[in-house]
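Asks: sequence and predicted model, in that order:
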Amino acid sequence: MSLTPLPWLQVQVELEGSAELECDPPPGRIVIVGPGHTFLQLADAIDAAFARWDLAHLHAFELPDGRFVGLPDSGPPLGDAPRWLDHRAVEVLAAVGPGDRFGYTFDLTEGWRHACQVLEETVDPLSVFGERPDRPAIAFGWGWIPDQYGRTARED
């Protein structure tokens, strides 16, 4: 009896811009995500893929159904504030599937917005990497990546 491994999703992530910058055309990356991978791990992969080096910022995913995933609430919701799901506990494959679109924002103050789309075609990580990575992994990319603080030279 052979067990067939669960398919991995391909998530296309395009950087739309920030409060100060619109990316036109948007740079993008394809991230492969497997069973057991959490939204915290996906955030780490996206941040690495877009050359984020100051990681001391909050982030948030907005799922297709309007729920938010990030740091969990430390208390009861205030008014109409959304309840945040814990990014360490919510698995990507349990929350989204092929064809779904969702958002990711890095640095809630600067608002680095990313449009994410789960591609219809699943992938076998063995064919891409020769192994099954223990975290989401970048499989492809394109475009120019802006510095998260807009710096273009060392002196900036």
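Replies: Great, that's in hand. Numbering: from 1, shown residues only.
Asks: how far away from the center of its chain is the helix or strand of the chain with the lowest mean pLDDT?
Replies: Sorted by mean pLDDT, DSSP states H and E, the helices and strands of the chain end with helix 125-129, the least confident at a mean of 83. Between the centre of helix 125-129 and the centre of its chain there are 20 Å (C-alpha atoms, centre = their mean, to the nearest Å).
Asks: what's it in contact with?
Replies: With C-beta atoms under 8 Å, 6 or more residues apart in numbering as the contact definition, helix 125-129 has outside contacts at 8, 32, 34, 131-133, 137, 139. Any C-beta I mention is one placed from the backbone N, CA and C, and that applies to glycine too.
Asks: got it, and stretch 18-27?
Replies: By C-beta under 8 Å, 6+ apart, stretch 18-27 touches 14-17, 50, 107, 109-113, 115, 141-146, 150.
Asks: repeat that for stretch 106-124.
Replies: So stretch 106-124 is contacted by 5, 7-20, 26, 30, 32, 43, 46-47, 50, 52, 57-61, 96-105, 139, 148 (C-beta under 8 Å, 6+ apart).
Asks: re the thing from before, can you list the buried residues in the least confident helix or strand of the chain?
Replies: Buried residues in helix 125-129, counting neighbours by 16 or more other C-beta atoms under 10 Å, are found at 125, 128.
Asks: after that helix, which helix or strand is next?
Replies: Remark: after helix 125-129, the chain's next helix or strand is strand 137-142, criterion DSSP states H and E.
Asks: okay, the contacts of helix 125-129 in CSV with pLDDT next?
Replies: What follows is the contacts of helix 125-129, written out as CSV (pLDDT from 0 to 100):
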residue, pLDDT
Trp8, 95
Ile32, 96
Gly34, 96
Glu131, 87
Arg132, 89
Pro133, 92
Ala137, 95
Ala139, 93
